[in-house]
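Asks: One predicted model, sequence on top.
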Amino acid sequence: MIKRLATTREAMLLAAIVVLIALISTRFGDFATPRNLANVFNDTAPLILLAIGQMIVILTKCIDLSVAATLALTGMVVAMLNTAAPGVPVAVILLIAVALGAALGAVNGFFVWKLSIPPIVVTLGTMTIFRGIIFLISDGAWVNAHEMSAAFKGFPRHVILGLPMLGWIAILAVVLFHVVTTRTPLGRAFFAVGGNPHASVYTGIDVGRTQFWAYVISGALAGLTGYLWVARYAVAYVDIAGGFELDVVAACVIGGVSIAGGSGSVIGALLGALFLGVIKNALPVINISPFWQLAISGSAIIIAIALNARASRVKGRVILKRAEHAA
Amino acid sequence: MKRRTFTTLTTGLTLAACLMGTSAMAQDKTRIALVVKALGIGFFEAANKGAQEAATELGDVEIIYTGPTDTTAEGQIEVINSLIAQQVDAIAISANDRDAVAPALKKAMDRGITVISWDSGVAPEGRQMHLNPSSNPLIGNMIIKLAADNLPDGGDVAVLSASATATNQNTWIEEMNKVLPNYPGINVVATVYGDDLADKSYREAQGLMQSYPDLKAIIAPTSVGIVAAAQAVEDAGKVGQINVTGLGLPSEMAGAVESGASKSFAIWNPIDLGYSATMIAYHLAKGDATAEPGAAIPMGRMGSVTLDDNNEGAMADPFVYDASNIEAFKSIF
């Protein structure tokens, strides 16, 4: 049992993260202090939230390239709302952000479900459309720190037990979606649809509808992150989180989520995001030329994926052997 | 045949009447058209304010503030053609496209209209001179001066730039390093790159604060970086300990100045720019200055501008914004 646990992808990734932190500590001693690690986790929270949503979408054999654009659009809408009506309480803002994000996700889901357009094409299109809409509603102007209310900016910064609200929300989401994916019919359906779409039809699962809900969840999480992002950096403009969708997909892949669908876990996505988060936070303090930074991030991703691919291949063989014996 | 002669005659008469009319008007006042990228942009409205100030000071000037409703070269060409028809004395333009508007402006110059560009330039064949808001050496000096002014005893400062390959940023930082010996006690300990992304800039600023506990100032000559750095300093509770400065827009930096994370920052002043452009256009149109390499053209209270080999000149140091004037400027641009 212990041996099996120790060789799981998640355990290996966790070990890799620990080794990484230890390596960074040799160059920058204060990196491994609890306070700094809490900072790193907090900084990675948006990536964790988006990676969970993306993981669920990838489970169903789809992909969501519009997450960063959904984040940016929702962020701009709530920022403009806050400017126009500073009295609206944060709880309402959160609700609006989640609802708007879910609605944008539903647009993706609708095209994939009802019109059977390939997911990569749909989300590539909506990605551009959402960014275009931000431009339309904002006229290209920024919403700046002094235009946002103190409560609006303060919510993700509110510290409870040493960790800001932003970090706590990521923890809540991890717990919630871990339960959803492992303990609910919908969660099992995500795996079934991605693992074997034809078989899942025979078991009575509507493939399209399941993919639709995956997009709604991804959109809702992106919407929530949109508010948190804008409030944290205290600025909203067209290009916020530009290119972030690639980080999100990378976090999933590092976390062992199979791009072919049907395999992955919330914990994997969490660890994948943390792995990237540690690298992103370490690079500025370990004094490496900016020209090397991109190459180092990229190499780390490829190494992680290569290790994962090896691990999953061995695992697959074992299952097949067992099946043969049984027969 | 007869009819045609008659038509020609009447056209000629009308034209003559028009000409007499305009020349009579022109004798009263020098008409200077301030052509902007688009109407309704705070920055250009402020430039117009400066132009009006220059007009009041000069007395015999009428400002025609105009431009298209959206930032297109086509729109500006239409505006230029109508200004040629109105026979204005001078056109001062901030161009939407450096080449597309050049033929129309050349036509204007052929009709004896003085043409200068300011802010956003026009290709040399389409204007007599171009007024830059500032110059690379002036900007490089200003950003280090802003940091040094608040550090009488010296200290460590770091630069947060956009991307490592951004030409303008690199030029400014290079110019800054050239004048560094003039500011004894100021050490530039690091240059980091935020790629003009809010999240990366924020992280880089956090990294700077961790790597250099004695850091006294962060210089960010980029509008995304300066805002992100100010936010990072505020979140780290280091307001008062670390001063964030550099180049930014008043509307975007108002919050940072209010919180104290940024004591001062700089960017060109649109009012001064409109004022100077009007002054230059006036002197060129009146013929008491010529636009040629090496020439110095007076700009009223802004001193004078000296033209380089491309007939370009720099107006002044970037204008410094701080708690005393941020309120007035944050609604402008």
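Replies: On my side now, so go ahead.

Asks: roughly how far apart are B:Ala296 and chain A?
Replies: Distance of B:Ala296 to chain A, given as CB to the nearest CB, to the nearest Å: 38 Å. No exception for glycine: its C-beta is placed from N, CA and C like everyone else's.

Asks: which residues touch that residue?
Replies: Counting by CB atoms under 8 Å, 6 or more residues apart in numbering or on different chains, B:Ala296 makes contact with B:304-307.

Asks: Closest one of the residues you listed to chain A?
Replies: Of all the contacts of B:Ala296, the one with the least separation from chain A (CB to the nearest CB) is B:Val305, at 31.1 Å.

Asks: Give me the three-state assignment for the closest one.
Replies: Assigned with DSSP: H, G, I helix; E, B strand; the rest coil, B:Val305 falls in the strand class.

Asks: hang on, the earlier thing: buried by neighbour count, from the contacts of B:Ala296: which ones?
Replies: B:304-305, B:307 (16 or more other CB atoms under 10 Å in any protein chain shown).

Asks: could those be laid out in TSV, adding pLDDT and distance to chain A?
Replies: Converted to TSV, these look like this (pLDDT from 0 to 100; distance: CB to the nearest CB, whole Å):
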residue	pLDDT	distance to chain A
B:Ser304	87	36
B:Val305	88	31
B:Leu307	87	34
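
Asks: part of a strand, is A:Leu47?
Replies: No - if the criterion is three-state DSSP, then A:Leu47 is helix and not within a strand.

Asks: A:Ala250: neighbour count?
Replies: 24 (other CB atoms under 10 Å in any protein chain shown).

Asks: show me what contacts it?
Replies: A:272, A:276, A:301.

Asks: The same query, at a cut-off of 6 Å, please.
Replies: A:Ile301 (CB atoms under 6 Å, 6 or more residues apart in numbering or on different chains).

Asks: Sketch out the low-pLDDT regions of chain B for me.
Replies: Counting by pLDDT under 70, chain B has low-confidence residues at B:1-27.

Asks: Spell out which parts of it neighbour chain A.
Replies: B:164, B:193, B:198, B:203-204, B:207, B:210-211, B:227, B:231, B:251-252, B:254-255, B:258 (CB under 6 Å from any CB of the partner chain).

Asks: in which helix or strand would I find the residue of the stretch 101-250 of chain B at minimum distance from chain A?
Replies: As assessed by CB to the nearest CB, chain A sits closest to B:Gly207 within the stretch 101-250 of chain B, at 2.6 Å. Assigned by DSSP states H and E, B:Gly207 falls within helix B:198-211.

Asks: sorry, back to before: near the residue of the stretch 101-250 of chain B closest to chain A, how many other residues are there?
Replies: Neighbour tally, B:Gly207, other CB under 10 Å: 24.

Asks: ok, it - contacts?
Replies: Contacts of B:Gly207 by CB under 6 Å, 6+ apart are A:284-285.

Asks: separation between the residue nearest to B:Tyr183 when sequence neighbours are not counted and B:Pro184?
Replies: In space, and not counting its chain neighbours, B:Tyr183 is closest to B:Ala148: 4.3 Å by CB to CB, 6 or more residues apart in numbering or on different chains. Distance, B:Ala148 to B:Pro184, using CB to CB, to the nearest Å: 9 Å.

Asks: So for the two, which residue has more residues nearby?
Replies: Using other CB under 10 Å as the criterion, B:Ala148 and B:Pro184 rank with B:Ala148 on top: 20 against 8.

Asks: List the first helix or strand encountered after whichever helix or strand the more buried one is part of toward the C-terminus.
Replies: Using DSSP H and E, B:Ala148 sits within helix B:136-149. Remark: after helix B:136-149, the chain's next helix or strand is strand B:155-161, criterion DSSP H and E.

Asks: who's in contact with that next one?
Replies: Here strand B:155-161 has contacts from B:147, B:169, B:173, B:187-194, B:204-205, B:208, B:212, B:214-220, B:225, B:229, using CB under 6 Å, 6+ apart.

Asks: What is the helix or strand just after it packed up against?
Replies: Note on strand B:155-161: by DSSP H and E, the next helix or strand toward the C-terminus is helix B:167-179. Here helix B:167-179 touches helix B:136-149, going by 3 or more CB pairs under 6 Å, 6 or more residues apart in numbering or on different chains; DSSP states H and E.

Asks: quick one, the helix it packs on and strand B:155-161 angle?
Replies: Between helix B:136-149 and strand B:155-161, the angle comes out at 140 degrees (axes from the mean of the first three to the mean of the last three CA atoms, to 10 degrees).

Asks: Tell me the helices and strands packed up against helix B:136-149.
Replies: By 3+ CB pairs under 6 Å, 6+ apart, helix B:136-149 packs against helix B:167-179, strand B:215-220, strand B:243-246.

Asks: mind putting those in JSON lines, mean neighbour count and distance to B:Ile139 included?
Replies: As requested, the helices and strands packed on helix B:136-149 are arranged in JSON lines below (neighbours: other CB atoms under 10 Å in any protein chain shown; distance: least, CB to CB, whole Å):
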{"stretch": "helix B:167-179", "mean neighbour count": "17", "distance to B:Ile139": "5"}
{"stretch": "strand B:215-220", "mean neighbour count": "26", "distance to B:Ile139": "11"}
{"stretch": "strand B:243-246", "mean neighbour count": "31", "distance to B:Ile139": "10"}
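
Asks: So for B:Glu62, which of those sits nearest?
Replies: Among those, helix B:167-179 comes nearest to B:Glu62, with 36.2 Å by CB to CB.

Asks: could you point out which element follows that closest one?
Replies: With DSSP H and E, the next secondary element past helix B:167-179 is strand B:186-193.

Asks: how big is the angle separating that next one from strand B:155-161?
Replies: Using the same axes, to 10 degrees, strand B:186-193 lies at 20 degrees relative to strand B:155-161.

Asks: Mind jotting down where the strands sit in chain A?
Replies: For chain A, the strands defined by DSSP state E cover A:159-160, A:163-164.

Asks: winner for burial among those strands?
Replies: Of those, the one with the most neighbours on average (mean count of other CB atoms under 10 Å in any protein chain shown) is strand A:163-164, at a mean of 18.
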